[in-house]
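> Fold the stuff below for me.
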Amino acid sequence: MVLLGCFVGLDPVTWSCVTDVDFLGGLGSAAVRGGKLGGMDPVTLAVLSSAVGGIAQEMGTLLVRSAYSSNIKERRDCSAALFDARGRMIAQAAHVPVHLGAMYESVRVVTERGPEPGDVWVLNDPFSGGNHLPDVTLVAPLLLGDEVVGYAATRAHHSDMGGMRPGSMPADSTEIFAEGLIIPPIRLVRAGQWQADVLDLICANSRTPDLRRGDLRAQAAAAGLAQTRLTELAHRHGGSVVLESFAEVLRYGERRSRAVIASLPDGVYRVESELEGDGVDDRDIALRVAVVIAGDSMTVDFGGTSPAVRGNVNCPRAVTRSACCFALRVLLPEDVPTGDGTYAPLTVVTEPGSLVDARRPSAVVAGNVETSQRIADTVLAALRLATGADAGSAGASEAAGVSEALPAETVEISKAAVLPAPGQGTMNNLVIGGATWTYYETLGGGQGASARGPGPSGVHVGMTNTLNTPIEALELEYPLRVERYELADGTGGRGRHAGGAGLVRSVRVLEPATLSVLSDRRRHAPGGIAGGEPGAVGHNDVDGVSLPPKASRQLPAGAVVTLRTPGGGGWGPPSSGDGAAGGVAGDTDDGGGACGGGGHVVTGSDDTDLDEADGAPVDEHPLPADEV
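Sure thing, here's the model as predicted:
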C-alpha cells in the first residue's frame, strides 16, 4: 500500500510549522462535505482516474525495465507519481510509501524555480525537497499545447551517492555532508538537452558512476513517457475534460477520507515509543505522539519527542508527514484514490529542530528508513485506540463501541476495526560495499496478525514496499555468496492468530568490504494486540559476534554477516496449541504493553485540545473552504 502526503512547511509570519493547504488549493472542503462531485459524471471520472493512474504505473514499469542497477531493476526501490499544475499529487503507482509520501516537497521546490518546457530537474537534498541522499528525484513539467498542466516525478534509491562509506548509508554519520553528494534542485535536462556537466558531476561523486548514469537516464525516460501518454489521453477525451478530472479526483478523495475520520470517536490518543539508538549512542530515543480526532479532521502532534540527535536517525519533516499519511491511508478502504485530496484532513505538528523535524546539517540517512517506520507504527498504535482495534488496552476500551451509534452511510470503518498488530517495524537495511561496488538491500520480516487472520511471513511492511534481490542476481553482480536465506520459524507472536515470521539471511563476503547495518526492534519486540503475544526481536551478527542495531564495520574476506529479522505481533489470547510454529523464538521484552511494538499506551482522552502541559500547541490553521 502506498500513498502521498500534502505540503507542509513554515508559516511565513510566525515561522511555526503548518500544513500549507493554500499550496494544495484547499481541495474544496465545503463542497466535499456536501457530497458533491462537481460537474463530471462518475463513470467519466472513474475512467480518467484509472487512466491517469495507469500512466504512473507505466512510468514505474519503464524505469524498472530500463535501469542499470539491481537495486532498481531487481528490488524495484523506486516510485513514480503525477501532479497537477499546482503541485498536488493526482496519481501514483503502487510503489514505496516513504518515497511517495514526501515527493510533494520535491515538486514544490521545483515549481518555485520556474521550470520550463523540456526541462528535467534533479535533486536529493533532504532539506530542499528530498528525503535522504541515496533517493534521487527527477521532476519534469507536463504540457498540453504550450501550457504546463502538471508534473511527472520519479524517485529511485541509487546504491551509491558518495559519502564516508560505500552505499551512502553509514551507521555512524553525524552530519549530512558525510552521507554523500548533496544535489539541490538543478536542471539535468534543459529544453530537451542533457546538461552533460551536471550529469558528469553527479557520476564523478559515486563509486559506481556507470550505474548512476544509466539509472538517471531511465528516470528521465519515465518522465518522457508520462508526457506521451498524457498527450494521448487528452486527444481521446479532450484536454479540458482531463484537467477537470484532476480536480474532481482530489475532491472525491477528501470526501471519502473525511467520512472515515468522522466515524471515529473524538478524542486525544497518546502513545509513546522509542528508537534503539542513533548509531553514535545506543540509548533509546523517545518518540511521543498525540493523535487528535475532531469531527472529520485529524491532527498528529509530536510534542515531547526527543530533540534531534547526534547520529543519523533524524527525520526531515517531509518524511514525518509521509509516515503520518501512511497511517491514515491504512484506515481507508482500498477503493479510495490515493492523492493529496485524501490527506487534506490531516495536520501534522512538529517542533523545529526535533527528531521528527530535523534541520541542516543534521544527519538523516536512517531517519528515512528507520525513524519513518517507528513514526508510522506509533501513529497506528494511537489509531488502534481510536478504532478499538486493540481491545486489550484501557484506552481502546474507552473508545470501543462508539461507532455503533453512527449513521450507516458515514461508517467506513470495517477495515480500521481490524488494524493488525505491529509488524517488524524496521527495514533491516544491509549495505556491503567496496571501492567499485555496493550492495544494498532491505529485508522483509513478519507482519502483525489481526482479527481477520495470521500475519504474513517474510514480507516488507510499513514504509517500504520493495522486493528482495534474487540470490542469482546478487551473486552474479557482487563478490558475495548467500549461505542461508529462509524464514525464521517461531518468531511470530503467539495468539489466536499468529504474527508472521521473520527471516534469516547470511551473506559471506569474498573480498574485504565495508558493512553498514541500520535496523531497529533488536531490543523492543513488535507487540501483540487484543491479548496476543509479541513477536521475536531481530538480531545482527558478524561471524557469530553480535552487533548493535546500527553499526558499521570493516569485513575481512570470508566474513559472514547474518541478519535475523523480527516477527510480527499476535492477535487475540493464545489458547492451547495456538500461536506461531514452534512458539516465539528468542528473548523479547514486554512488547510495549497492549499497544505493542507500535508504542506504549499513555492515555486515551475525550479532550480535543492540547495545551502547553500536554505538548506542542496544535496547529491552529483551519482548512480553507474554497473550491479547487
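> Give me the buried positions along stretch 341-358.
Of the residues in stretch 341-358, 341-351, 354-358 count as buried by neighbour count, 16 or more other C-beta atoms under 10 Å. C-betas here are computed from N, CA, C, even on glycine.
> and the end-to-end length of that stretch?
26 Å (C-alpha to C-alpha, to the nearest Å).
> Below-threshold pLDDT in the stretch 351-500 of the chain: ranges please.
The model of the stretch 351-500 of the chain has pLDDT under 70 over residues 389-418.
> residue boundaries of the helices in it?
Taking DSSP state H, counting those that start in this stretch as the criterion, the stretch 351-500 of the chain carries its helices at 365-366, 372-387, 394-399, 471-477.
> Touching stretch 199-216 from outside, list them.
With contact meaning C-beta atoms under 8 Å, 6 or more residues apart in numbering, stretch 199-216 is reached by 66-69, 72, 122, 136, 138, 156, 158-162, 166, 180-181, 183, 188, 433, 435-438.
> Quick check on the residues you listed: which are buried?
Neighbour counting by 16+ other C-beta under 10 Å classes 66-69, 72, 122, 136, 138, 156, 158-162, 166, 180-181, 183, 188, 433, 437-438 among the contacts of stretch 199-216 as buried.
> re earlier: which members of the buried residues of stretch 341-358 are the farthest-apart pair?
Spatially, the most separated pair among the buried residues of stretch 341-358 is Gly341 and Leu355, at 29.3 Å (C-beta to C-beta).
> Please, where are all the strands along the stretch 201-350 of the chain?
267-276, 284-294, 297-301, 346-349 (DSSP state E, counting those that start in this stretch).
> before we move on, back to that, in helices only, show me the contacts of stretch 199-216.
Among the contacts of stretch 199-216, the residues falling in helices (DSSP state H) are 66, 72.
> Tell me how far the residue most central in space within the chain lies from His157.
What sits nearest the mean C-alpha location of the chain, by C-alpha atoms, centre = their mean, is Val98, with 2.4 Å. Distance, Val98 to His157, using C-beta to C-beta, to the nearest Å: 10 Å.
> Nearest to Ala473, out of the strands of the stretch 201-350 of the chain?
Smallest distance to Ala473 across the strands of the stretch 201-350 of the chain (C-beta to C-beta): 31.0 Å, for strand 267-276.
> okay, that closest one in PDB with CA atoms only?
Output of strand 267-276 as PDB, limited to C-alpha atoms (Å, rounded to 0.1, in the frame of the first residue of the first chain):
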ATOM      1  CA  GLY A 267     -10.600  12.400  21.400                       C
ATOM      2  CA  VAL A 268      -6.900  12.600  22.000                       C
ATOM      3  CA  TYR A 269      -5.000   9.300  21.800                       C
ATOM      4  CA  ARG A 270      -1.400   9.400  23.100                       C
ATOM      5  CA  VAL A 271       1.300   6.800  22.600                       C
ATOM      6  CA  GLU A 272       5.000   6.700  23.300                       C
ATOM      7  CA  SER A 273       7.600   4.600  21.500                       C
ATOM      8  CA  GLU A 274      11.300   4.600  21.000                       C
ATOM      9  CA  LEU A 275      14.200   4.200  18.600                       C
ATOM     10  CA  GLU A 276      17.000   1.900  19.500                       C
END
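> hmm, back to that, tabulate the strands of the stretch 201-350 of the chain (TSV), appending distance to Ala363 and mean pLDDT.
Below are these laid out as TSV (distance: least, C-beta to C-beta, whole Å; pLDDT from 0 to 100):
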stretch	distance to Ala363	mean pLDDT
strand 267-276	14	96
strand 284-294	14	97
strand 297-301	24	98
strand 346-349	22	97
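> Save these as TSV, and put in distance to Arg564 too.
Converted to TSV, these look like this (distance: least, C-beta to C-beta, whole Å):
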stretch	distance to Arg564
strand 267-276	15
strand 284-294	21
strand 297-301	32
strand 346-349	34
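> Would you tell me which of those strands gets closest to Gly388?
Nearest to Gly388 among the strands of the stretch 201-350 of the chain is strand 267-276; the distance by C-beta to C-beta comes to 11.0 Å.
> Report the strands that pair with the closest one, each with its relative direction.
Applying DSSP bridges, strand 267-276 is found paired with strand 284-294 (antiparallel), strand 600-605 (antiparallel).
> From what I see, Lys73 and Leu62 are in contact.
No - if you go by C-beta atoms under 8 Å, Lys73 and Leu62 don't touch, sitting 11.4 Å apart.
> Show me the strands in the stretch 501-628 of the chain, by range?
Going by DSSP E, counting those that start in this stretch, the stretch 501-628 of the chain shows strands at 503-509, 513-518, 539-542, 545-546, 550-555, 560-564, 600-605.
> For Val379, which residues are in contact?
Taking C-beta under 8 Å, 6+ apart, one finds 271, 289, 291, 300, 323-324, 327 in contact with Val379.
> and those residues as JSON lines, adding distance to Thr426 and neighbour count?
As requested, the contacts of Val379 are exported to JSON lines (distance: C-beta to C-beta, whole Å; neighbours: other C-beta atoms under 10 Å):
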{"residue": "Val271", "distance to Thr426": "18", "neighbour count": "29"}
{"residue": "Val289", "distance to Thr426": "18", "neighbour count": "31"}
{"residue": "Val291", "distance to Thr426": "22", "neighbour count": "25"}
{"residue": "Val300", "distance to Thr426": "21", "neighbour count": "28"}
{"residue": "Ala323", "distance to Thr426": "13", "neighbour count": "30"}
{"residue": "Cys324", "distance to Thr426": "19", "neighbour count": "30"}
{"residue": "Ala327", "distance to Thr426": "16", "neighbour count": "26"}
